[in-house]
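K.L.:
just need the structure, nothing else, for what follows:
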Amino acid sequence: MIVFLKLLFLQSIFIYPFSMNTIAEHIADFLKGYPPFNHLTFDQLSEIASSIRVLNLEKNKELFQVNEILHDSFYVVASGVVNLSVIADAEESLLNKCSVGDLFGLRPFFAKNNYMMTAKAREESIIYAIPIATFRPFVANNSEVLNYLLESFAVNTRNPKDKENLTGKLISDTVYYSDQQSEMQYFQSLSYNITPLKTTSSTTVQEAALAMTASLKNSILICDNDVPIGIITDTDMRSKIATGRYPLTVTVDKIMSSPVITVMENISLAEAQLLMLKHNATHLCVTHDGTDKSTIKGIINEHDLIIAQASNPGVLIKEIKRCQAPKELKQIRDRLTDLIQTSITKNIPISHIFNIASEINLAIIKRSVELSILDLGSPPARFAWLSIGSQGRKEQLLLTDQDSILIFEDVAADKYREVKDYFIKLAKKTTFTLEEIGYNLCPNGHLGSNLLWCKSLTDWVKQYDNWMNTPGENSNEISSVFFDYEIAFGEQKIEDTITNVIFKNSKNNTLFYDFLGNDALRKNSPLSFFKNFNVEDEGANKNKFDIKTRALLPLIDGARLFALYFEIRGINNTFQRFKQLAISDTKHAEIYLNCAEAFLILSKFRTVEGLKNDSSGQFINLDELSKVDREKLKNALAPMRELEELIKSKFKLTQFS
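P.N.:
A predicted model of the protein is given here:
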C-alpha cells in the first residue's frame with residue numbers, strides 16, 4: 001500500500017503533469033469506505049481530498065506530542081499503524097493503535113488547549129492530513145457526521161458503527177489517562193453564566209461597548225421582553241466597528257448576530273461543542289425551553305467549555321487526594337451523584353458508568369483510610385483494607401451500605417492485641433468518615449470496625465478455610481459478599497494471599513458449591529406462575545417490586561458461583577464475569593450473554609429509581625413505570641430461569657437439596 005501510494009504520487013508529478021485530480025479521486029475513493037466519510041457524496045469527498053496533505057511517517061516518527069500546540073488538521077491512516085500514548089507515572093502508556101481508515105488527532109474540533117497524547121508511527125505509515133477549515137462545513141451541514149462524532153464519545157468504542165459492518169474507528173484524542181474516565185466529561189452538564197449582559201435593540205453600539213468594558217464581559221445579548229433576538233461579541237466589535245464598516249452611533253440591531261443559538265440548561269459539554277462547531281459560534285444562549293421564543297436563563301461561551309474539561313473524573317480523583325476533611329469528600333461524592341444522574345440522562349452505557357463510579361468511590365475510601373492514619377499515626381504493621389460487596393464488584397452507583405474487612409500481617413503473639421487495637425481504631429475512624437460522606441453502615445455488621453472482620457492474615461486464612469470446607473457449620477455463617485472484594489488501601493500481597501486461598505479451596509469442592517448453589521437458588525422468584533411481578537405483601541414497600549433481592553442478587557450470585565467454578569480470577573464485576581464465562585464455557589455462552597445484558601438493564605432500573613427518590617433504589621414502584629418499561633423490566637427477568645436451570649444441572653441441585 002505504501003509503495004503504491006508513493007508510486008502514484010511520483011507518477012502524478014513526473015508522468016502525468018495534470019493528474020492531481022486523479023490523486024484526489026483515489027483519496028476520495030479510499031475515504032468513502034470509512035466512517036464518517038461514507039456519509040458524504042463522492043463530489044464532497046473529492047473537494048475534501050483536493051486539500052489533503054499526504055504525509056510519509058517513518059517508523060517511530062512522531063506526528064504530534066503531549067502539550068504540543070494543536071495542528072490545523074486532523075488525520076486519517078492511509079497505511080501502516082500509528083500508536084497513541086500518554087506519559088503516566090514516568091512511563092509511556094499505550095492508549096490505542098490506529099490502523100488503516102482510523103481517524104485521530106481530532107482535538108482541534110473539540111478543545112482549544114494543547115494535545116493530551118502523542119501520536120507516533122509504529123511502522124512506516126502514510127497519513128492523510130485533512131484541514132479542519134476544509135472539513136468543518138461538511139460536519140456542520142451533515143447530521144450523520146455530527147452524530148458519528150457524538151456517538152463515538154458516548155459509547156466509548158473503537159467504532160460505534162460496528163453493527164453496520166463498517167470499518168474504521170474514531171480516536172477522540174481527549175484522554176487524560178489510559179482508562180475510560182476522560183470521555184465521561186463530555187456528558188456532564190455545563191455550568192453557565194446566569195447573569196449575562198443584556199440590552200435592547202435601541203441601544204447604540206457605543207453604549208453596548210461601554211457596558212461590556214465596565215462588566216468585563218465579551219458578549220451582550222439583545223433582548224425583547226427578556227427573549228433573545230441577537231448577540232454582539234468582541235468579534236463583532238472588531239470586525240464590524242474597528243474596521244470602520246459601521247460607526248459607533250448605530251444601534252446594536254445593525255451589527256448583532258441573529259438568530260441567537262439557544263439551548264436547554266442541561267446541555268452537555270459534547271453537545272455544546274458540536275453546536276458551536278455547527279454554527280461557527282462562540283456563544284450559546286440558555287433559555288427556559290431551549291428555544292429563541294422563551295426567556296433567557298444564561299449564556300455559555302468557549303471559556304466555559306474549557307473550564308468544564310477540568311471537571312472530569314480524573315480531576316475529581318486528584319481533588320480527592322487533596323481533601324483534608326469528610327465534608328470535602330462528601331462534596332465530591334455529591335458531584336459524583338450528579339455525574340451519574342447526567343450520564344443516565346444522556347444514555348451513557350451503564351457498564352461505563354460502573355467503571356467511572358467505582359474508581360471515584362475507591363479513591364474516596366482510600367483517602368478516608370489515609371485521613372485516619374494521619375490522625376492515629378503510622379500503622380504498627382502492614383495491612384489491607386478490602387471493600388466487599390457492591391463496591392468490591394465495582395457496582396456501587398448509589399449511596400448504599402459500606403461493606404469492608406481489614407487484614408493485617410501476622411505479628412508476634414505478644415504484640416497481637418496492641419496491633420489489633422490500633423486497626424480497630426483505624427477502622428472505626430474510617431467507617432465513621434465514610435458514614436459522614438453518606439455511605440451507611442452495613443446493617444449486617446460486615447465492617448472492618450467489627451472485631452470479627454478485623455484480624456490477622458493467618459486468622460483470615462483460617463476463616464476462609466472454615467467457610468469453604470465446612471460451610472454452614474460455623475458460628476460465623478458464610479456470607480457470599482466476602483468473595484467479592486477489591487483492595488482500597490494497603491498491601492496487594494495480602495489480597496493475593498486471600499485470592500490464592502479461595503481458589504485453592506474451591507477446586508473440586510462439591511460441598512462448597514452445593515452450599516453456594518443452593519444459596520443462589522433460595523432467592524424468591526421475581527415472577528409468579530402467571531408471569532406477574534411478585535411484589536411485597538406488607539410493610540412500607542407494600543406492592544413494590546424488590547429488584548435487588550428478586551432480580552439482581554440471583555444474577556450476582558450465579559455469576560460469582562460460576563466464576564469460582566471456572567477459576568476466573570481478577571474479575572469481580574457481574575457483567576464482566578458473565579462476559580468471561582461466555583468465553584470459558586462456550587457451550588452455555590448464550591445464557592451467560594443474556595444474563596450479562598439483563599444485569600445491565602436491571603441495574604439501570606435500580607439506579608434510576610434510587611436517583612429519583614434519593615434511596616438505595618431497591619424497591620421499584622411498578623405503577624410509576626410506563627407500559628413499555630414494565631415490559632422491558634419483565635423481559636430482563638427471563639434469562640434468570642435459564643441461569644437457575646444451569647445451576648441445578650451443573651451442580652446437581654434441586655431447590656430442596
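K.L.:
now do the end-to-end distance for stretch 606-619.
P.N.:
8 Å (Cα to Cα, to the nearest Å).
K.L.:
what comes up buried for that stretch?
P.N.:
Applying a neighbour-count criterion of 16 or more other Cβ atoms under 10 Å, one finds 606-611, 617-619 buried in stretch 606-619. Where C-beta positions appear, they are placed from N, C-alpha and C, glycine not excepted.
K.L.:
who are the packing partners of the one helix or strand residue 563 maps to?
P.N.:
Assigned by DSSP states H and E, residue 563 belongs to helix 553-565. With contacts taken as 3 or more Cβ pairs under 8 Å, 6 or more residues apart in numbering; DSSP states H and E, helix 553-565 sits against helix 492-506, helix 510-521, helix 574-584, helix 589-613, helix 639-651.
K.L.:
can you rerun that using 6 Å?
P.N.:
Applying 3 or more Cβ pairs under 6 Å, 6 or more residues apart in numbering; DSSP states H and E, one finds that helix 553-565 makes contact with helix 510-521, helix 574-584.
K.L.:
determine which stretch of the ones you listed is the most buried.
P.N.:
Highest mean neighbour count of the helices and strands packed on helix 553-565: helix 574-584, a mean of 21 (counted as mean count of other Cβ atoms under 10 Å).
K.L.:
residues contacting that helix, please?
P.N.:
With contact meaning Cβ atoms under 6 Å, 6 or more residues apart in numbering, helix 574-584 is reached by 351, 556, 559, 562-563, 566, 568, 571, 589, 592-593, 595-596, 599-600.
K.L.:
buried ones among these?
P.N.:
351, 556, 559, 562-563, 568, 571, 592, 595-596, 599-600.
K.L.:
please tabulate these in TSV, including the columns distance to residue 360 and pLDDT.
P.N.:
Shown next, in TSV, are these (distance: Cβ to Cβ, whole Å; pLDDT from 0 to 100):
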residue	distance to residue 360	pLDDT
351	16	82
556	22	95
559	24	96
562	29	96
563	25	95
568	26	92
571	20	89
592	29	95
595	27	95
596	24	93
599	21	95
600	20	94
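K.L.:
can you name the next helix or strand after the helix or strand encompassing residue 29?
P.N.:
Secondary-structure assignment from DSSP H and E places residue 29 in helix 20-31. Once the chain leaves helix 20-31, the next helix or strand it forms, by DSSP H and E, is helix 42-49.
K.L.:
just checking, what packs against that next one?
P.N.:
Helix 42-49 is packed against helix 20-31, with contacts defined by 3+ Cβ pairs under 6 Å, 6+ apart.
K.L.:
the inter-axis angle of the helix holding residue 563 versus helix 510-521?
P.N.:
Put simply, helix 553-565 runs at 160 degrees to helix 510-521, going by axes from the mean of the first three to the mean of the last three Cα atoms, to 10 degrees.
K.L.:
about what we covered before: restrict the helix holding residue 29 to CA atoms and write it as PDB.
P.N.:
Only the C-alpha atoms of helix 20-31 are listed here, as PDB (Å, rounded to 0.1, in the frame of the first residue of the first chain):
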ATOM      1  CA  MET A  20      -3.600  15.900  -9.300                       C
ATOM      2  CA  ASN A  21      -7.300  15.400  -9.800                       C
ATOM      3  CA  THR A  22      -6.600  11.700 -10.200                       C
ATOM      4  CA  ILE A  23      -4.800  11.600  -6.900                       C
ATOM      5  CA  ALA A  24      -7.800  13.400  -5.300                       C
ATOM      6  CA  GLU A  25     -10.100  10.800  -6.800                       C
ATOM      7  CA  HIS A  26      -8.000   8.000  -5.400                       C
ATOM      8  CA  ILE A  27      -8.000   9.600  -2.000                       C
ATOM      9  CA  ALA A  28     -11.800  10.200  -2.200                       C
ATOM     10  CA  ASP A  29     -12.300   6.600  -3.200                       C
ATOM     11  CA  PHE A  30     -10.300   5.500  -0.200                       C
ATOM     12  CA  LEU A  31     -12.200   7.700   2.300                       C
END
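K.L.:
which of the contacts of helix 574-584 sits closest to residue 200?
P.N.:
Among those, residue 351 lies closest to residue 200 (Cβ to Cβ), at 50.9 Å.
K.L.:
once you drop chain neighbours, what's closest to the closest one?
P.N.:
Excluding its sequence neighbours, the residue lying closest to residue 351 (Cβ to Cβ, 6 or more residues apart in numbering) is residue 575, at 5.5 Å.
K.L.:
let me have the buried ones among the contacts of helix 574-584 in a markdown table, extended by distance to residue 381.
P.N.:
Shown next, in a markdown table, are these (distance: Cβ to Cβ, whole Å):
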| residue | distance to residue 381 |
| --- | --- |
| 351 | 38 |
| 556 | 33 |
| 559 | 34 |
| 562 | 36 |
| 563 | 31 |
| 568 | 31 |
| 571 | 30 |
| 592 | 41 |
| 595 | 41 |
| 596 | 40 |
| 599 | 39 |
| 600 | 41 |
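K.L.:
out of these, who's nearest residue 391?
P.N.:
Residue 391 lies nearest to residue 556 out of the buried ones among the contacts of helix 574-584, by Cβ to Cβ, at 13.1 Å.
K.L.:
quick one: that closest one and residue 487, what's the gap?
P.N.:
20 Å (Cβ to Cβ, to the nearest Å).
K.L.:
wait, a strand at residue 360?
P.N.:
No - Residue 360: not assigned to a strand; according to DSSP: H, G, I helix; E, B strand; the rest coil it is helix.
K.L.:
now it: closest residue in space that isn't a chain neighbour?
P.N.:
That would be residue 336: by Cβ to Cβ, 6+ apart, it lies 5.0 Å from residue 360.
K.L.:
wait, that neighbour touches residue 358, no?
P.N.:
No - if you go by Cβ atoms under 6 Å, residue 336 and residue 358 don't touch, sitting 10.5 Å apart.
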